[in-house]
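Undergrad: how would this look folded up:
(one chain, ligands or ions: 1)
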Amino acid sequence: MRLVLVGPPGAGKGTQAAVIAAKIGVPAISTGDIFRANVGQETPLGLEAKQYMDAGQLVPDAVTNAMVADRLTHADVSIGFLLDGYPRNLDQADVLTQQLEAAHTPLDAVIEIVADTEHVLARLLSRGQGRADDTEEVIRHRLDVYASETAPLVGYYRERGVLRTVVGIGSVDEVTARILAVLPA
Ligand code: ADP
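TA: The predicted structure is shown next:
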């Protein structure tokens, strides 16, 4: 099973990605986590990504696409994968579509987790200062970037017939159950 999870910051995407990936037995690939690991280890990739992340901006596509393309060549994704946080704009989506088409491994579903702005803003603010990009100013910018850059993916994947939408409000278990209910058999 090859899945993508899309949703605004604070919608619980990361939590659901880990739970769903474990349930269906595929690796969860979070671009945010990979970037944060590189920032923590001060790798060249991390040093480049950090300035964008701290500002709530997207890391440039060339950097992100190359990182994901490489990750998708690892042996563990031969059974499938769950992408969390990628693609995040239409250009990334096109790059991913082309890579998967070339490998004859198209996506099975794209799960959109819907949550309104006030809800996710409150959730992120209450999460506290765990992350450098969780200040109110940067959170608001991440939400703006989501609305302008990432939200168009919903139409892109709907046209391709793979979009499934679930409401992200409720307990972790409730949202997980909704996602499992819309996964293709
Ligand atoms: P959130 O969804 O809460 O904003 P993520 O962990 O998904 O958190 O992403 C954190 C940051 O990592 C983003 O604000 C961005 O700077 C960077 N990032 C993650 N995924 C991508 C991507 N696909 N393209 C560009 N930048 C990304």
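Undergrad: C-terminal to the lowest-mean-pLDDT helix or strand in the chain, what's the next element?
TA: Lowest on mean pLDDT, DSSP states H and E among the helices and strands of the chain sits helix 117-127, with a mean of 87. The helix or strand immediately downstream of helix 117-127 is helix 136-145, counting by DSSP states H and E.
Undergrad: So what touches that next one?
TA: Here helix 136-145 makes contact (Cβ atoms under 8 Å, 6 or more residues apart in numbering) with 8-10, 54-58, 117, 120-121, 124-125, 133. For the C-beta atoms, the positions are set from N, CA and C on the backbone; glycine is no exception.
Undergrad: show me which of those neighbour the ligand.
TA: Subset of the contacts of helix 136-145 in contact with the ligand: Pro9, Gly56, Gln57, Leu58, Asp133, counting by Cβ under 6 Å from any ligand atom.
Undergrad: Tell me how far the third one lies from Leu125.
TA: Counting by Cβ to Cβ, to the nearest Å, the gap from Gln57 to Leu125 is 20 Å.
Undergrad: The fourth one too?
TA: Plainly put, Leu58 is 22 Å away from Leu125 if you go by Cβ to Cβ.
Undergrad: more neighbours, the two?
TA: Neighbour count, other Cβ atoms under 10 Å: between Leu58 and Leu125, Leu58 has more, with 19 against 14.
Undergrad: which ones are touching that one?
TA: Residues in contact with Leu58 (Cβ under 8 Å, 6+ apart) are Tyr52, Thr64, Arg88, Asn89, Val145, Glu149.
Undergrad: repeat for Leu3
TA: Counting by Cβ under 8 Å, 6+ apart, Leu3 makes contact with Ile20, Val26, Gly80, Phe81, Leu82, Leu83, Leu107, Asp108, Ala109, Val110, Ile111, Leu183.
Undergrad: before we move on, the earlier item: in the least confident helix or strand of the chain, what's buried?
TA: The neighbour-count check on helix 117-127 (16 or more other Cβ atoms under 10 Å) flags Val120, Leu121, Arg123, Leu124 as buried.
Undergrad: Kindly reformat those as TSV and extend each row with distance to Gly161.
TA: Below are the buried residues of helix 117-127 laid out as TSV (distance: Cβ to Cβ, whole Å):
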residue	distance to Gly161
Val120	27
Leu121	32
Arg123	31
Leu124	32
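Undergrad: of all these, which two lie farthest apart?
TA: Maximum pairwise distance among the buried residues of helix 117-127 (Cβ to Cβ): 7.3 Å, between Leu121 and Arg123.
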